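S.K.: Have a look; sequence and predicted model below, questions after that.
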Amino acid sequence: MPLVNFTNLDFEEVKSTLTEYLKSNSNFTDYDFEGSNLSSILDVLAYNTYITSYNANMVANEVFIDTATLRENVIALARNIGYTPKSRKAATSSITFFVDTTNITPVPASLTLRKGTVVASQGVFGTGSGSFCILDDITVPVVNKIASFNNIPIYEGAVVEKNFTYSDRNPQQKFILPNIGIDTELIRVSVRNNSSATATVKYSLQDNLFYIGSESKVYFLQEVSDERYELFFGDGSFGKKLEDQNYITVTYLTSNGDAGNGFSQFSFNGRITYTRDGNEYTVTSGISLVTPEFSSRGGSAIEGVESVRKYAPKIYATQNRAVTADDYETLIPARIYPDTESISVFGGEELNPPQYGKVFISIKPKFGDFLPNLIKENIKLKLKKYAVAGVVPEILDLKYLYIEISSKVYYNTNLAPSAANVSSIVSNNASKYANSTELNKYGARFKYSKFLKIIDDSHPSVTSNITIMKMRRNLRVVPSTLAEYQIGFGNQFHIANNSGYNIKSSAFRIFGVTENLYLGDIPNSEGTTGSLFFFSLPNVGSQNPSIVRSNVGTIDYINGIITINAVNITAGMEKDGQQIIEIQATPLSNDVVGLQDLYLQLDTSNSTFEMVSDEIASGLDPSASSYIVSSSYAEGNLVRVGGPENVTPTVVTTADITTTNNSFTGTTSTSGTSGGSTPSGAGSGY
């Protein structure tokens, strides 16, 4: 019998194979393998074969990026296809303080805040502390005896400096930074001719070989073992080659990553100096309290192995160019804006009417709800290196599609501590689902049946639930300006009543009408489109509307688009400093999707979970004669609660209006003013 199975990982099977092999040998005919010392020898051979097979299997796994388990192997494989994993990222904040130089002698003309630790901080509840630094000296003038340090960016961690001397006699010389936790975006590299020279040349990080000449002062970076980083320089063809005895100074920051987030109380712990008549003086008095602009944020851990497995092949597939939507979705989070939580990209040809030559990008950042305009411009600028000529990238403001839940939760009173206790558990589980990665991404889908199961499984006492869904968009208005508005939900509307009032809005006011108005709809005969009208009510709960204006716009029930003709809205509902109108509709399907650039959010703050005693299950009403019935259809008011305060709105001219939408969503176009870069088209979700 030939011994052919060399890769079996089961010990008993290996031993059995060896035994059968020996039995086939005529020298061991009728030999008692189990009762002899040869059995121990077979055990040793089987163990040796087992261990060898196991090692061979593990080594083979580490050769491929899909099966490798050790980080250094995954990184090495990713490095072979040109991918550098994202490093740990330091939390950042911004501080302001001033120095009163009245009592400082001699009087300084300027003050310099030295690089290194600037402030110490403690958590809001005293649980943890950290230090925040700057990596470069900051000098400000003294004006009227006051030196103001305004909006200084600070980074959590410690500043480290490492020096190397290049030797051309050592071709195997490596420049490895010995610390872990380095934020690679904050590395500063400078080169001097030798250790005694004073003139320095700054080198910049480069991640590819495009636009690099023989004199380009660049360095490259790669991760090596134990989460450390190695620097290497040009060879004279791609990047300037180092010369013998060049002295390299690397300044970098080691941070605690996401552990540095959430600090908001800072105390000064830095060093301020000035020079006068060739002497350096240190300032120790007159320093005001430190005022932070915001709590520290943005810290994150080093990119994990699973993320490297996901993005490395995709980056390689893009070949450093952005052609398809997938290319943009890979390049932006991996190379351009690492703080991307979720991204949606679609071409202008997908719109109706199509906008050829454009690609539309919508980004949900990890921190905050919207991208600042400066970051948008930086992303567009960096995309020029990858984008195909003639294709114009447009970064859209984030657009939220809110889901609101109204649920009647039936429970067995015999199994529940109290109705409040069960309601709290249901609400907490709903919040967990709202914050899960299943919803917090582009292209998300609210799964109605799964959500019902979450409610039912929240507590053993829950017997069933009747849950009604609504979806909402917030339309930002331009006060006291004649403007047209269009907003899309990306989902088909359900027409509950052919007589109208299928959509609901919060209150608003228009020019020439003193009372609060609301938006209503009435379907056309074909049931796919309809017209809009403004109406008023004696009070929010009234069922007696008075139509004030008819045919003020159109509604597309199939594509979920509401268009309001030019109107001068003077006031709306104020939210986060913006004037908005909340518009609510019922989806045709309870499985709501976030279409294209719509970001799905389960709004638990506007959702209700009402407990209802199930007297059948508890045995109080076995005949169901007094069973409480809950409707499965939306009922209630004709409008949403909320609207303008009783104040006279400020009249604003068109020149004073900016239509850049940084808060709430909805396409806005003013008379004589472009509506911006937001695409228009049926069902594209504005």
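M.R.: Yep, that arrived.
S.K.: contacts, neighbours, all on C-alpha from now
M.R.: Noted.
S.K.: Report the buried residues of the helix or strand where residue 329 lies.
M.R.: Using DSSP states H and E, residue 329 sits within helix 325-331. Along helix 325-331, these residues count as buried under the neighbour rule (16 or more other Cα atoms under 10 Å): 327-331.
S.K.: Could you export these as TSV, including pLDDT?
M.R.: What follows is the buried residues of helix 325-331, written out as TSV (pLDDT from 0 to 100):
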residue	pLDDT
327	83
328	84
329	83
330	82
331	84
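S.K.: helix or strand right after the helix holding residue 329?
M.R.: Downstream of helix 325-331 (by DSSP H and E), the next one is strand 340-347.
S.K.: Just name whatever secondary elements that next one is in contact with.
M.R.: helix 325-331, strand 358-365 (3 or more Cα pairs under 8 Å, 6 or more residues apart in numbering; DSSP states H and E).
S.K.: Tell me which of these sits nearest to residue 477.
M.R.: Closest of the helices and strands packed on strand 340-347 to residue 477 is strand 358-365, at 21.1 Å (criterion: Cα to Cα).
S.K.: Now that closest one - C-alpha only, PDB.
M.R.: C-alpha atoms of strand 358-365 as PDB (Å, rounded to 0.1, in the frame of the first residue of the first chain):
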ATOM      1  CA  LYS A 358     -19.900  64.400 -14.000                       C
ATOM      2  CA  VAL A 359     -19.500  62.100 -11.100                       C
ATOM      3  CA  PHE A 360     -21.400  62.800  -7.900                       C
ATOM      4  CA  ILE A 361     -19.900  61.900  -4.500                       C
ATOM      5  CA  SER A 362     -21.500  62.100  -1.100                       C
ATOM      6  CA  ILE A 363     -19.500  61.400   2.000                       C
ATOM      7  CA  LYS A 364     -20.600  60.700   5.600                       C
ATOM      8  CA  PRO A 365     -17.600  61.600   7.800                       C
END
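S.K.: Report the angle between that strand and strand 340-347.
M.R.: Angle, strand 358-365 to strand 340-347, by axes from the mean of the first three to the mean of the last three Cα atoms, to 10 degrees: 170 degrees.
S.K.: for the record, mean pLDDT for the helix or strand just after strand 358-365?
M.R.: Downstream of strand 358-365, the first helix or strand assigned by DSSP H and E is helix 373-383. Mean pLDDT, computed over helix 373-383, is 86.
S.K.: immediately after helix 373-383, which helix or strand?
M.R.: Taking DSSP H and E, what comes next after helix 373-383 is strand 392-396.
S.K.: So which bits of the longest helix seen in the chain are buried?
M.R.: Taking DSSP state H as the criterion, the chain has its longest helix at helix 38-61. Neighbour-count burial for helix 38-61 flags 42-43, 46-47, 49-50, 52-54 (criterion: 16+ other Cα under 10 Å).
S.K.: sec struct for residue 161, please.
M.R.: Under DSSP: H, G, I helix; E, B strand; the rest coil, residue 161 falls in the strand class.
S.K.: For it, name its beta-bridge partners.
M.R.: residue 251 (DSSP bridges).
S.K.: and residue 411, what does it touch?
M.R.: 461-464, 611-614, 617 (Cα atoms under 8 Å, 6 or more residues apart in numbering).
S.K.: from those, which two are the most distant?
M.R.: 611 and 617 (14.2 Å).
S.K.: who wins for most neighbours among the contacts of residue 411?
M.R.: residue 462 (25 neighbours; other Cα atoms under 10 Å).
S.K.: could you show me where the strands are in the stretch 401-550 of the chain, in order?
M.R.: Ranges of strands in the stretch 401-550 of the chain, per DSSP state E, counting those that start in this stretch, are 462-476, 481-488, 504-505, 509-510, 518-523, 529-536, 546-556.
S.K.: hey, which of those strands is tucked in deepest?
M.R.: Of the strands of the stretch 401-550 of the chain, the one with the most neighbours on average (mean count of other Cα atoms under 10 Å) is strand 518-523, at a mean of 24.
S.K.: In its sheet, which strands sit next to that one, and in what direction?
M.R.: Here, using DSSP bridges, strand 518-523 pairs with strand 529-536 (antiparallel).
S.K.: With just CA atoms, put the strand it pairs with into CSV.
M.R.: Below are the C-alpha coordinates for strand 529-536, written out as CSV (Å, rounded to 0.1, in the frame of the first residue of the first chain):
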residue,chain,number,x,y,z
THR,A,529,-48.7,62.2,-9.9
GLY,A,530,-50.6,64.9,-8.1
SER,A,531,-50.7,68.6,-7.3
LEU,A,532,-49.7,70.5,-4.1
PHE,A,533,-51.6,73.1,-2.2
PHE,A,534,-51.1,75.3,0.9
PHE,A,535,-53.7,75.1,3.7
SER,A,536,-54.3,76.4,7.2
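S.K.: tilt between that strand and strand 546-556?
M.R.: With the same axes, to 10 degrees as the basis, strand 529-536 and strand 546-556 are set at 150 degrees to each other.
S.K.: centre of the chain versus strand 529-536, how much separation?
M.R.: Distance of strand 529-536 from the chain centroid (Cα atoms, centre = their mean, to the nearest Å) equals 38 Å.
S.K.: quick check: mean pLDDT across that strand?
M.R.: pLDDT averaged over strand 529-536 gives 95.
S.K.: ok, and what's touching that strand?
M.R.: Taking Cα under 8 Å, 6+ apart as the rule, strand 529-536 contacts 515-524, 545-558, 564.
S.K.: give the contact list for residue 443.
M.R.: Going by Cα under 8 Å, 6+ apart, the list of residues near residue 443 reads 344, 593-596, 598-599.
S.K.: what two of the residues you listed have the greatest distance between them?
M.R.: Farthest apart among the contacts of residue 443 - using Cα to Cα - are 344 and 593, which lie 13.4 Å from each other.
S.K.: on that earlier part again, which helices and strands sit right next to the helix holding residue 329?
M.R.: helix 305-318, strand 340-347.
S.K.: out of these, deepest packed?
M.R.: The most buried one of those (mean count of other Cα under 10 Å) is strand 340-347, showing a mean of 19.
S.K.: residues making contact with that strand?
M.R.: By Cα under 8 Å, 6+ apart, strand 340-347 touches 325-326, 328-329, 332-333, 356, 358-366, 440-443, 596-597.
S.K.: Now restrict the residues you listed to buried residues only.
M.R.: For those, buried by 16+ other Cα under 10 Å: 328-329, 332-333, 358-365, 440-443, 596-597.
S.K.: hmm, back to that, so can I have CSV of the strands of the stretch 401-550 of the chain showing distance to residue 412?
M.R.: Putting these into CSV (distance: least, Cα to Cα, whole Å) gives the following:
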stretch, distance to residue 412
strand 462-476, 6
strand 481-488, 42
strand 504-505, 35
strand 509-510, 47
strand 518-523, 41
strand 529-536, 43
strand 546-556, 44
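S.K.: so which of the helices and strands packed on helix 325-331 gets nearest residue 262?
M.R.: Closest among the helices and strands packed on helix 325-331, using Cα to Cα: strand 340-347, at 18.4 Å.
S.K.: Let me have the helices and strands packed on strand 340-347 in CSV, extended by distance to residue 248.
M.R.: Shown next, in CSV, are the helices and strands packed on strand 340-347 (distance: least, Cα to Cα, whole Å):
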stretch, distance to residue 248
helix 325-331, 31
strand 358-365, 36
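S.K.: out of these, nearest to residue 297?
M.R.: Nearest of the helices and strands packed on strand 340-347 (Cα to Cα): strand 358-365, 12.0 Å.
S.K.: Report how many residues lie close to the residue nearest to residue 322 when sequence neighbours are not counted.
M.R.: In space, residue 322 comes closest to residue 387 once its chain neighbours are excluded; the distance is 4.7 Å by Cα to Cα, 6 or more residues apart in numbering. Per other Cα under 10 Å, the neighbour tally for residue 387 reads 19.
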